[in-house]
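In: From the sequence below, what's the structure:
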Amino acid sequence: MDKNLVKELIIIYHKMNDTIPWIEKYRPKNIKEIVYHDEIKNTLIKLINNNKFPHTIFFGPPGTGKTSTILACAREIYGESFKSMVLELNGSDDRGIKVIREQIKDFSEYNQLFCKGIKLVILDEADSMTYDAQFALRRVIENYTYNTRFCLICNYISKLIPALQSRCITFRFSNIDNKNAIIKLKDIVKKEGIKYNCKGLNTIMDITKGDMRQSINLLQSVSMATGFINEDNVYKCSGEPSEKIFKSLINILLNSSFCEAYEYINKIRLEYSMSLIDLIKRIDKFIFNLSLSDENLSDLITDLSEIETNLSNGGTDEIQIGSMIACFMKLRYKK
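Out: Prediction:
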């Protein structure tokens, strides 16, 4: 082959590779590459090696590796036959009973002429499906167990009907701890040749709260915008308030007047487009660092949780801001 042509093909390949989102580029290719969840990983490896892969439900918070894990399992099982033996659907897009009766049923009934074996249906965001669709899926699972396995992925297993839960083995995915998550982020920045410091990576994890998908997306955004992963650049690209802002907020809530605190909270909300409920979630770690008695800390947490409940039930931010300020002002008059 002509050397110039080879060079051009290599250049084209690298250009195409640069356009791939990092969340896809660094998605685990096999089970061994999966970060954290060692017990789940070891159990799945045993099931695959013994050729006894069951119907499964993967549930847990977003960005914890549920989809990546089942895709890695599928690649381990099917290899080059992956595309013809695996059907991927998203419950939030395809929620109706029609999809269950047509796409999944047709896929389960279709005879693979060149790829023999058990097929796999991956249904992401299964908790978004209607109850009618879930009951229809139950019948499909019963009818096609002999040649098809189903993996249901969801955030909340409680939203799945008991009839589905009883037919599957459940695996709970928890948030990836900072230590393992930062190891993964370091591996990515080293492969990409991006400059970074540890404070920048820790800031990413503080903002994303263990959501690995969000962490990698934010990492890519910061690297493309600035070329250096540090604390200031992460806050600039994420649009999130820095720790200094929250420390100032706590200080104002404890020491300033009601009006000053109200104005400062509104300033943060407008400048960073934050809802009050997000603001409350972000100040929790600063609250636990306050020098408060156990009784006062318990009362403060209880009061803030009531405000969070009110907001979830449709309460207005303006009224609840006043309640939040009052929670802190009460601390001034307690012994």
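
In: what about the residue nearest to E271 when sequence neighbours are not counted, helix or strand, and which?
Out: Of all residues not flanking E271 in the chain, P241 sits nearest, at 7.9 Å (C-beta to C-beta, 6 or more residues apart in numbering). Every C-beta, even on glycine, is put in place using the N, C-alpha and C of the backbone. Using DSSP states H and E, P241 maps to neither a helix nor a strand.

In: For the helix or strand containing C259, which outside residues touch it?
Out: In this structure, C259 sits in helix 258-272 according to DSSP H and E. Contact with helix 258-272 is made by 239-241, 245, 248-249, 252-253, 256, 274-276, 279, 317, 321-322, 324-325, 328-329, as judged by C-beta atoms under 8 Å, 6 or more residues apart in numbering.

In: Over to stretch 128-145?
Out: 55, 91-92, 95-97, 99-101, 104-105, 108-109, 123, 126, 150, 160-161, 163-164, 167.

In: can you give me the offset of that stretch from its chain's centre?
Out: 25 Å (C-alpha atoms, centre = their mean, to the nearest Å).

In: Next, L276: phi, psi?
Out: phi -60, psi -40 (degrees, to the nearest 10).

In: my guess is it contacts G322, does it?
Out: No. Using C-beta atoms under 8 Å, L276 makes no contact with G322, being 10.7 Å away.

In: which of those two has more neighbours?
Out: Using other C-beta atoms under 10 Å as the criterion, L276 and G322 rank with L276 on top: 24 against 14.

In: quick one: contacts for Q214?
Out: Contacts of Q214 by C-beta under 8 Å, 6+ apart are P62, G63, T208.

In: go again using 7 Å as the cut-off
Out: Q214 makes contact with G63, T208, according to C-beta atoms under 7 Å, 6 or more residues apart in numbering.

In: Tell me where the model's unsure across the stretch 201-335 of the chain.
Out: For the stretch 201-335 of the chain, the stretches with pLDDT under 70 are 334-335.

In: Sketch out the strands for it, chain order is fine.
Out: Along the stretch 201-335 of the chain, the segments classed as strands by DSSP state E, counting those that start in this stretch run 228-229.

In: Would you map the helices across it?
Out: 212-226, 231-238, 243-255, 258-272, 276-282, 284-287, 294-312, 317-332 (DSSP state H, counting those that start in this stretch).

In: now the angle between helix 317-332 and the third one, please.
Out: Meaning helix 243-255. Angle, helix 243-255 to helix 317-332, by axes from the mean of the first three to the mean of the last three C-alpha atoms, to 10 degrees: 70 degrees.

In: got it, and the second one?
Out: Helix 231-238 and helix 317-332 are oriented at 150 degrees to each other (the same axes, to 10 degrees).

In: and helix 231-238, what does it pack onto?
Out: Applying 3 or more C-beta pairs under 7 Å, 6 or more residues apart in numbering; DSSP states H and E, we find helix 231-238 packed against helix 198-208, helix 212-226.

In: Extract the CA atoms of the shortest one and return them as PDB.
Out: As requested, C-alpha coordinates have been extracted for helix 198-208 and formatted as PDB (Å, rounded to 0.1, in the frame of the first residue of the first chain):
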ATOM      1  CA  CYS A 198      -5.000  16.900  42.200                       C
ATOM      2  CA  LYS A 199      -7.100  19.800  43.600                       C
ATOM      3  CA  GLY A 200      -8.700  20.200  40.200                       C
ATOM      4  CA  LEU A 201      -9.600  16.500  40.000                       C
ATOM      5  CA  ASN A 202     -11.000  16.600  43.600                       C
ATOM      6  CA  THR A 203     -13.100  19.700  42.700                       C
ATOM      7  CA  ILE A 204     -14.600  17.800  39.800                       C
ATOM      8  CA  MET A 205     -15.600  15.000  42.100                       C
ATOM      9  CA  ASP A 206     -17.000  17.500  44.700                       C
ATOM     10  CA  ILE A 207     -19.200  19.000  42.000                       C
ATOM     11  CA  THR A 208     -20.400  15.800  40.400                       C
END
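
In: What are the structural domain limits within the chain?
Out: Dividing the chain into domains by automatic domain parsing, as the record does, gives the ranges 34-172, 178-238, 244-332.

In: Now tabulate the ones you listed in TSV and tack on distance to I20.
Out: Conversion of those to TSV gives the following (distance: least, C-beta to C-beta, whole Å):
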stretch	distance to I20
domain 34-172	15
domain 178-238	10
domain 244-332	29
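
In: Tell me which of those lies nearest to W22.
Out: Among the domains of the chain, the nearest to W22 by C-beta to C-beta is domain 178-238 (4.5 Å).
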